[in-house]
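Visitor: My questions are about this predicted structure, shown below with the sequence.
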Amino acid sequence: MKSAWAEREADAAVDHYGKTGIARDLALRVYTTRLLGRDPKLVLHGGGNTSLKTRARDLSGEETEVLCVKGTGWDMSAIEPAGMPAVRLTPLRKLRALDALSDEDMARVQRAHLIDPMTPPPSVEMLLHAFMPATFIDHTHATAVLSLIDQPNSADLCAEVYGGRLGFVPYRMPGFGLAKTAADVFDKNPKVEGLILDKHGIFTFGAEARESYERMIEMVTLAEERLQKNRKSVFASAEFPQRVAPAAQVAPILRGACSLPDDRNEGAWLRQIAEFRVSDAIMAFVNGKDVARYARAGVITPDHTIRTKNWPLIVPAPETGKLDEFAKSARKAAQSFIDHYRTYFTYNNARDGNAKTMLDPLPRVALVPGIGLFGLGPNAKDARIAADIAEAAIECITGAEAIGTFKSISEADMFDCEYWPLELFKLGARKSLPLAGQVAAITGGGGAIGAAVGRAFAAAGAEVALLDLDAAAAMGKANAIGGTAIAVRCDVTDADSVQAAFDQIVTTFGGVDIAVSNAGAAWQGRIGEVDEAVLRKSFELNFFAHQKIAQAAVKIMLAQGTGGCLLFNVSKQAVNPGANFGPYGLPKAATLFLVRQYALDYGGDGIRANAVNADRIRSGLLTDDFIKERSKARGLTEKNYMSGNLLGREVTADDVAQAFLAQALALKTTADITTVDGGNIAAALR
Ligand SMILES: [Zn+2]
């Protein structure tokens, strides 16, 4: 590992922050914190922190000695000076004399001594930083160091590699107790350049930002070099079926197995998003015949437990053509994971006076021999974090096994971290959104109505895929939604294109729960004279494409086994034909019937089918030019033309989106056609 320190960048940081009155030491502290944060082999998703001891003025103008330490929730790779809140150092140091300090009191002390009490709370490792005298302190959970210290003989290995340059602190849960133990270790040898926290990570000290940072790089490099010495081969491969099924077929089965019915609302499910990963390292790990031993040995550093739980789910290799068998064994494995988790919780919670409430018992990482791994989570962002951490764990365990035997902390220690309120705080306040954990595929996503549906569903917590023949238009709309929304090119009239689009959605999010079949176009012609080719073309898009989308979605929904929702954009033409609009109205009428057929055939599988009958919405079908032309032809203002309905109100794409959203949420409603047209009595359903 090489130092990324660049004199020019460091000077630029000093200049840049200097303009806002930030002192040189804090500017360089921010600079090197970013250097650490941008290397995933050092710092991953909140696993690390840095500090600086300096002087600052409080609101009264009085200068005092402070500890600037990374604030909880800040990403080190993008940290700013505001992410290093200053805490008065003298009162923190006095705490060392106490025998014990509860988490609640530690939080009170932090608040009481923050120079700006409105800033986010400092890292849970603040007191450890405070009890050490070094001016600059860096802390990481570097993967290579973890390979060295997640071993039964970690103390010996550290003595061999570091020769006393780093103090060795036996495992303790983060917090006051660990800070005190670390300070005691330091006092025995104040010449050390840093500390190893057994089964947890590494601290380095420096008088300057560059020194503590480059010491970190040096110590991690020493660990990397040791991992290359006397390496034994690891993970002898297990026997496999000849042909393994592709990830796109495996994901929905696995995702379904890792869901739970929601007891509070019949038909609702606690679902997760699944992110697929594969690499040579992942394959060697998941294919090993001893995978159950080394993969289930525990977390590589304690704070991972809140992201990945303590063990992954392991399922058998899925054989092509035998996916029913795979589905059975995957569900059985998931059930035994859940049972095991409940037992683990009950047992450890009793030790703690039954004070805790159980988190959901579903796996966060699934290992599939022959395929790769899936990160799971209540949304795509969390699934991605779980996958990132699972990959780091694979790298760490592979290294650990190559030089010895991977060993984690005890189950009781993992429980204490998993249910530690200060650790859970890192996950942030979780707002439970109505479509959380669900994946929605929306056709015509590049158009006005599809984009409005995408916005509404994303706001309700769904992961959204916008499908469109015009990939650039879909991309524009997906970018506007932001977050994890994706755009997928899809010709809905082409079966291969539909299949490829759904495969892409499944490998991104793990499955599909809601399909909004919205793409359409209008053709005109007097029915007795119209060219049959025109009629057939319209049927391809306005009927058969809906069938193709519904069929592809249902296949995935059945594999998941957690129900689902098909939503169709029909049209008032389906019930109230317009003159010369036969080529458009006829296939739409067939699509209205298609809704009822799906509702009938798949109600028993919990799959609902509903539709919206909309009329006169500004969109690609009803362009501004067309509106101008039609209103002029009828001698109406555009406003009066657009609101020519019983309510006298213009209907918008957002109104249609809200109707689809209501149908997606109405778990007891199927075969429903909701009219969104401002009132048109001739088009009223009867
Ligand atoms: Zn740590």
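Guide: Looks like it arrived, so ask away.

Visitor: Report how many residues lie close to the closest residue to His304 other than its chain neighbours.
Guide: Nearest-residue entry for His304: Ile389, 5.3 Å, with adjacent residues in sequence omitted and distances by Cβ to Cβ, 6 or more residues apart in numbering. Bear in mind the C-beta positions are built from the backbone N, C-alpha and C, glycine included. Per other Cβ atoms under 10 Å, the neighbour tally for Ile389 reads 25.

Visitor: Quick check: Ile389 vs His45, distance?
Guide: 7 Å (Cβ to Cβ, to the nearest Å).

Visitor: Identify the contacts common to those two.
Guide: By Cβ atoms under 8 Å, 6 or more residues apart in numbering, Ile389 and His45 have these common neighbours: Arg307.

Visitor: circling back: from Gln272, how far out is the residue nearest to His304?
Guide: 15 Å.

Visitor: Output the longest strand along the chain as CSV, nothing but the C-alphas.
Guide: Using DSSP state E, we find that the single longest strand of the chain is strand 48-57. The C-alpha trace of strand 48-57 is given here as CSV (Å, rounded to 0.1, in the frame of the first residue of the first chain):
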residue,chain,number,x,y,z
GLY,A,48,-12.9,4.3,10.9
ASN,A,49,-12.3,7.8,12.4
THR,A,50,-9.6,10.4,13.0
SER,A,51,-8.9,13.1,15.5
LEU,A,52,-6.8,16.2,16.1
LYS,A,53,-5.9,17.9,19.4
THR,A,54,-5.8,21.7,19.0
ARG,A,55,-7.1,24.9,20.5
ALA,A,56,-10.4,26.6,19.7
ARG,A,57,-12.4,29.5,20.9
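
Visitor: Flag the shaky bits of this structure, pLDDT-wise.
Guide: 422-430, 686 (pLDDT under 70).

Visitor: sorry, back to before: tell me how far the particular helix or strand that has the residue nearest to His304 in it lies from the chain's centre.
Guide: Assigned by DSSP states H and E, Ile389 belongs to helix 380-403. On the basis of Cα atoms, centre = their mean, to the nearest Å, helix 380-403 sits 15 Å off its chain's mean C-alpha point.

Visitor: ditto for stretch 72-81
Guide: That offset, for stretch 72-81, works out to 19 Å (Cα atoms, centre = their mean).

Visitor: ends of that stretch, how far apart?
Guide: 13 Å (Cα to Cα, to the nearest Å).

Visitor: again with stretch 530-547
Guide: Per Cα to Cα, the first residue of stretch 530-547 is 24 Å away from its last.

Visitor: Count the neighbours of Ala522 for me.
Guide: 19.

Visitor: Would you mind measuring from it to Ile617?
Guide: 12 Å.

Visitor: swap in His340?
Guide: 52 Å.

Visitor: What residues of stretch 77-93 count as buried?
Guide: 79, 81, 83-89, 92-93 (16 or more other Cβ atoms under 10 Å).

Visitor: Repeat that for stretch 58-74.
Guide: 66-72, 74.

Visitor: okay if I get those as CSV plus secondary structure and distance to Ala412?
Guide: Shown next, in CSV, are those (DSSP: H, G, I helix; E, B strand; the rest coil; distance: Cβ to Cβ, whole Å):
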residue, secondary structure, distance to Ala412
Val66, strand, 36
Leu67, strand, 31
Cys68, strand, 34
Val69, strand, 28
Lys70, coil, 28
Gly71, strand, 30
Thr72, coil, 25
Trp74, coil, 30
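
Visitor: what residues are up against Ser233?
Guide: Ala402.

Visitor: and what of the one 3 residues further on?
Guide: Under the criterion of Cβ under 8 Å, 6+ apart, the contact list for Ala236 reads 288-290.

Visitor: Out of those, who's the most crowded?
Guide: Busiest of those [other Cβ under 10 Å] is Gly288, holding 21 neighbours.

Visitor: any idea how far Arg243 is from that residue?
Guide: 20 Å.

Visitor: Likewise for Glu218?
Guide: Glu218 is 48 Å from Arg243, by Cβ to Cβ.

Visitor: Those two: which is more packed in?
Guide: Per other Cβ under 10 Å, whichever of Glu218 and Arg243 has more neighbours is Glu218, with 15 against 12.

Visitor: Where does that one sit: helix, strand or coil?
Guide: Using DSSP: H, G, I helix; E, B strand; the rest coil, the structure places Glu218 in helix.

Visitor: what's the longest strand of the chain packed up against?
Guide: helix 24-37, strand 63-69, helix 126-131, strand 136-140 (3 or more Cβ pairs under 8 Å, 6 or more residues apart in numbering; DSSP states H and E).

Visitor: 6 Å instead, please
Guide: helix 24-37, strand 63-69, strand 136-140 (3 or more Cβ pairs under 6 Å, 6 or more residues apart in numbering; DSSP states H and E).

Visitor: what does the helix or strand where Gln658 lies rub up against?
Guide: If you go by DSSP H and E, Gln658 is part of helix 653-665. Applying Cβ atoms under 6 Å, 6 or more residues apart in numbering, the contact partners of helix 653-665 are 434, 448-449, 452-453, 456, 514, 516, 565, 567, 610, 612, 614, 617, 674, 676.

Visitor: 7 Å - rerun?
Guide: 434-435, 448-449, 452-453, 455-457, 460, 514, 516, 565, 567, 610, 612, 614, 617, 619, 669, 672, 674, 676 (Cβ atoms under 7 Å, 6 or more residues apart in numbering).
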